[in-house]
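Undergrad: mind folding the following:
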Amino acid sequence: MAFVVKSPFCISRTTWRGNNSMLNPSSDSRIGKSVGIRINSRFPTGRDFSVKMSSAQAESLQLVPTVAPPKDLGIPIMVNGCTGKMGRAVLEAAMAAGLNPVPMALGGPDDSGKILDFGGKQIEVHGPSDRESVLSSAFSDYPNLIVVDYTLPAAVNDNAALYCKVGVPFVMGTTGGDRELLYKTVADSNVYAVISPQMGKQVVAFLAAMEIMAKQFPGAFSGYNLQVMESHQASKVDISGTAKAVITCFEDLGASFERDQIQLIRDPRMQIEMVGVPEEHLNGHAFHMYHLTSPDGTVSFEFQHNVCGRSIYAEGTVDAVLFLAKKVKSNSDKRIYDMIDVLREEGNKFWLCGYRGDFRSKLKISCDLLATNSLSLKAEIRMSLHMLPRQMVSSMLLS
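TA: Presented below is the predicted three-dimensional model:
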């Protein structure tokens, strides 16, 4: 099913940096004035699905179709935590991508017995008391089942233990829990899993780039002062894991920073007036800014990533499901993956297929790509080569 997409919003905002002297003490200096042209900026919201809520006994999400239904990929998924906002977003993205949500899901005690209607597909939520029997039955009925977990941090380890006991592959998008125990549980069970506290592929790519920079250029920002602001919905009380990871990279690069200096913005008024969060996204956003200043105050750098809504995480989760389904089907030796693995495989395919028709480019097929363990990727490589002119393929292989 395709969906009506609303136009991105446009707002005029004053940067939090310009309004907060603590975060940018040089805001009145040459540095602050030189970047003043960036005060007015526009932030796209990403895709905004039109959703109509029904007051009937079965909670209804009516998704508005537009042109043509997506291809049915036949991959069954169970989204545990689907009564929450993130779970709903994943179901919307999954159905748009042609995945097949099964008619049952796991939830907390308060959600037990609820029946949700997503675009005409009803999903019954089961509580903790019968979760093992429900999951086992679903896995028996749908042998290719992939579970997606967006529950609660306190449930991460128990849920992972259940998935491993039943033997069902899963994507763990829930943050928190004992992560060391989580990985040990999965490793001991030999179950396939994608585990990542950050499912937004673009944010993961940014973090990966930061880690590469930190490894290759340690001390490059030695002596620089780092200031960090992160704004999330008021319900998020802890510090963002992404922010922690980025700060670690800056510390490796030599920047000076104390973790208790992170400015957490959770007040809605400040989020609107100081940070520039659109009012309609106060209940679901992630705005991060990292500001670096040289010891003498004459040089500054700013890194910023702002997310409105949950579509970036939902779409990344769907990509993780598709990735994991391929790994299970190919009986890959590796069992535990993260979003970097998802990005790398997609990047390899994009790198190869992106040169179709570009006859002026000289594409080199790397040995590690052709030697991949993924049968599906090998097939795509052969197909890509078949679609290129014979002369171009010859020149590529000879170069």
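
Undergrad: can you map out the helices along the stretch 1-150 of the chain?
TA: 16-19, 30-34, 85-96, 131-141 (DSSP state H, counting those that start in this stretch).

Undergrad: tally of neighbours for residue 226?
TA: 22 (other C-beta atoms under 10 Å). For the C-beta atoms, the positions are set from N, CA and C on the backbone; glycine is no exception.

Undergrad: sorry, back to before: tabulate the helices of the stretch 1-150 of the chain (CSV), appending mean pLDDT and mean neighbour count.
TA: Output for the helices of the stretch 1-150 of the chain, formatted as CSV (pLDDT from 0 to 100; neighbours: other C-beta atoms under 10 Å):
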stretch, mean pLDDT, mean neighbour count
helix 16-19, 44, 20
helix 30-34, 34, 13
helix 85-96, 94, 23
helix 131-141, 96, 16
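
Undergrad: in CSV, list these along with distance to residue 181.
TA: Converted to CSV, the helices of the stretch 1-150 of the chain look like this (distance: least, C-beta to C-beta, whole Å):
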stretch, distance to residue 181
helix 16-19, 37
helix 30-34, 46
helix 85-96, 23
helix 131-141, 19
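
Undergrad: among those helices, which is nearest residue 269?
TA: helix 16-19 (12.4 Å; C-beta to C-beta).

Undergrad: give the next helix or strand downstream of whichever strand or helix holds residue 291.
TA: Element membership for residue 291 (DSSP states H and E) is strand 285-293. As assigned by DSSP H and E, the chain's next helix or strand after strand 285-293 is strand 300-308.

Undergrad: which strands and helices sit next to that next one?
TA: On a contact count with 3 or more C-beta pairs under 8 Å, 6 or more residues apart in numbering; DSSP states H and E, strand 300-308 meets helix 201-216, strand 285-293.

Undergrad: strands paired with it, and their directions?
TA: strand 285-293 (antiparallel) (DSSP bridges).

Undergrad: burial measure for the nearest residue to residue 107 once chain neighbours are set aside, as a count.
TA: Distances taken as C-beta to C-beta, 6 or more residues apart in numbering place residue 125 nearest to residue 107, at 4.2 Å, with adjacent residues excluded. Neighbours of residue 125 under the rule other C-beta under 10 Å: 22.

Undergrad: ok now do residue 125, which residues does it touch?
TA: With contact taken as C-beta atoms under 8 Å, 6 or more residues apart in numbering, residue 125 is in contact with 82, 83, 104, 105, 106, 107, 111, 112, 113, 114, 115, 116.

Undergrad: so what's it bridging to?
TA: residue 105.

Undergrad: how near is it to residue 146?
TA: 18 Å (C-beta to C-beta, to the nearest Å).

Undergrad: one more: residue 189?
TA: 16 Å.

Undergrad: more crowded one of these two?
TA: With neighbours defined as other C-beta under 10 Å, residue 189 and residue 146 compare such that residue 146 has more, 27 against 17.

Undergrad: the more buried one contacts residue 169, doesn't it?
TA: Yes. Contact status for residue 146 versus residue 169: in contact at 5.4 Å, counting by C-beta atoms under 8 Å.

Undergrad: overlap in contacts, the two.
TA: With C-beta under 8 Å, 6+ apart as the test, residue 146 and residue 169 both reach 324, 325, 328.

Undergrad: picking that back up, any idea of the mean pLDDT in the strand holding residue 291?
TA: For strand 285-293, mean pLDDT is 96.

Undergrad: same question, stretch 329-341
TA: 95.

Undergrad: what does stretch 306-319 contact?
TA: 43-49, 85-86, 89-90, 92-94, 97, 99, 148, 150, 171, 173, 199-204, 277-278, 281, 284-288, 339, 342, 346.

Undergrad: can I get the CA coordinates of stretch 160-178 in PDB?
TA: What follows is stretch 160-178, C-alpha atoms only, in PDB (Å, rounded to 0.1, in the frame of the first residue of the first chain):
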ATOM      1  CA  ALA A 160      15.800 -11.700  23.900                       C
ATOM      2  CA  ALA A 161      16.000 -14.800  26.000                       C
ATOM      3  CA  LEU A 162      12.500 -15.800  24.800                       C
ATOM      4  CA  TYR A 163      13.400 -15.200  21.200                       C
ATOM      5  CA  CYS A 164      16.500 -17.300  21.600                       C
ATOM      6  CA  LYS A 165      14.700 -20.100  23.400                       C
ATOM      7  CA  VAL A 166      12.100 -20.300  20.600                       C
ATOM      8  CA  GLY A 167      14.800 -19.900  18.000                       C
ATOM      9  CA  VAL A 168      13.200 -17.000  16.100                       C
ATOM     10  CA  PRO A 169      15.400 -14.400  14.300                       C
ATOM     11  CA  PHE A 170      14.800 -10.800  15.600                       C
ATOM     12  CA  VAL A 171      15.600  -7.200  15.200                       C
ATOM     13  CA  MET A 172      16.200  -5.500  18.600                       C
ATOM     14  CA  GLY A 173      15.500  -1.800  18.300                       C
ATOM     15  CA  THR A 174      14.700  -1.300  22.000                       C
ATOM     16  CA  THR A 175      17.500   0.600  23.900                       C
ATOM     17  CA  GLY A 176      18.700  -0.200  27.400                       C
ATOM     18  CA  GLY A 177      18.900  -3.400  29.300                       C
ATOM     19  CA  ASP A 178      22.100  -5.300  30.000                       C
END
